[in-house]
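> Have a look at this fold, sequence not included:
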Ligand SMILES: [Zn+2]
């Protein structure tokens with residue numbers, strides 16, 4: 001068996017040096033990422049870039065999906081990462097639409113409720129007939145009791161008078 005691999009076929013030796021991370025995600029303070037890496041992204045910054053670009057597309061509306069993908073490809077992201085980005089954008093867009101629909105539904109329900117309240121108010125009579133009848137009945141009862149008492153008192157005084165005269 002002979003060694004058939006010539007030195008020319010060996011891959012060129014790559015001298016690895018650290019370079020700035022290419023995630024392009026600004027820090028909380030708004031500064032450029034200061035991470036360094038031997039690869040494309042500092043550890044975890046690939047996911048950070050996916051999250052950041054997804055927000056730029058879905059929440060901020062500053063980039064189209066194509067622009068976000070292009071931005072990721074430009075810095076040398078893998079197809080896998082680009083796939084993660086497009087999946088995340090699709091997922092977040094769906095979630096955001098569902099949230100929007102729920103919000104609209106809640107608003108519509110509020111309007112409906114307010115309209116129902118207004119309608120109920122419009123249909124409500126100024127005085128409740130039932131209550132009025134009740135009051136009238138009570139008043140009549142009270143008057144009757146008063147009359148009865150007066151009649152009884154008169155009878156009592158008349159009989160007393162009769163007794164005195166007897
Ligand atoms: Zn970074």
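Sure thing, it's come through. For clarity, every value in this text was computed on a predicted model and none was experimentally measured.

> What's the mean pLDDT across the helix or strand where residue 101 lies?
Here residue 101 sits within helix 79-123, counting by DSSP states H and E. The average of the pLDDT scores along helix 79-123 is 96.

> Got the phi and psi for residue 36?
According to degrees, to the nearest 10, the main-chain angles of residue 36 amount to phi -120, psi 150.

> residues touching the residue nearest to it when sequence neighbours are not counted, list them.
With CB to CB, 6 or more residues apart in numbering as the criterion, residue 36 has its nearest non-adjacent residue at 4.5 Å, and that residue is residue 18. No exception for glycine: its C-beta is placed from N, CA and C like everyone else's. Taking CB atoms under 8 Å, 6 or more residues apart in numbering, we find residue 18 in contact with 36-38.

> Just send these back as a markdown table, with distance to the ion too.
A markdown table is the format used below for the contacts of residue 18 (distance: CB to the ion, whole Å):
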| residue | distance to the ion |
| --- | --- |
| 36 | 9 |
| 37 | 8 |
| 38 | 13 |
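
> what's the closest of the residues you listed to residue 103?
The shortest approach to residue 103 among the contacts of residue 18 belongs to residue 37, at 40.8 Å (CB to CB).

> What distance do you get for the spatially closest residue to that closest one that is not a sequence neighbour to the ion?
Spatial nearest neighbour of residue 37, excluding adjacent residues (CB to CB, 6+ apart): residue 21 at 5.2 Å. Residue 21 sits 3 Å away from the ion when distances are taken as CB to the ion, to the nearest Å.

> mind listing what residue 21 touches?
Residues counted as contacts of residue 21 (CB under 8 Å, 6+ apart) are 33-37, 40-42, 45.

> Does residue 32 belong to a helix, a strand or coil?
Per DSSP: H, G, I helix; E, B strand; the rest coil, the secondary structure class of residue 32 is coil.

> looking at it, it is touching residue 26, isn't it?
Yes - under the criterion of CB atoms under 8 Å, residue 32 lies in contact with residue 26, with a separation of 6.3 Å.

> The ion versus residue 28, what's the distance?
Looking at residue 28 against the ion, where the rule is CB to the ion, the gap reads 13 Å.

> What of residue 121?
Here residue 121 is placed at a distance of 60 Å from the ion (CB to the ion).

> Next: residue 143.
As judged by CB to the ion, residue 143 and the ion stand 92 Å apart.
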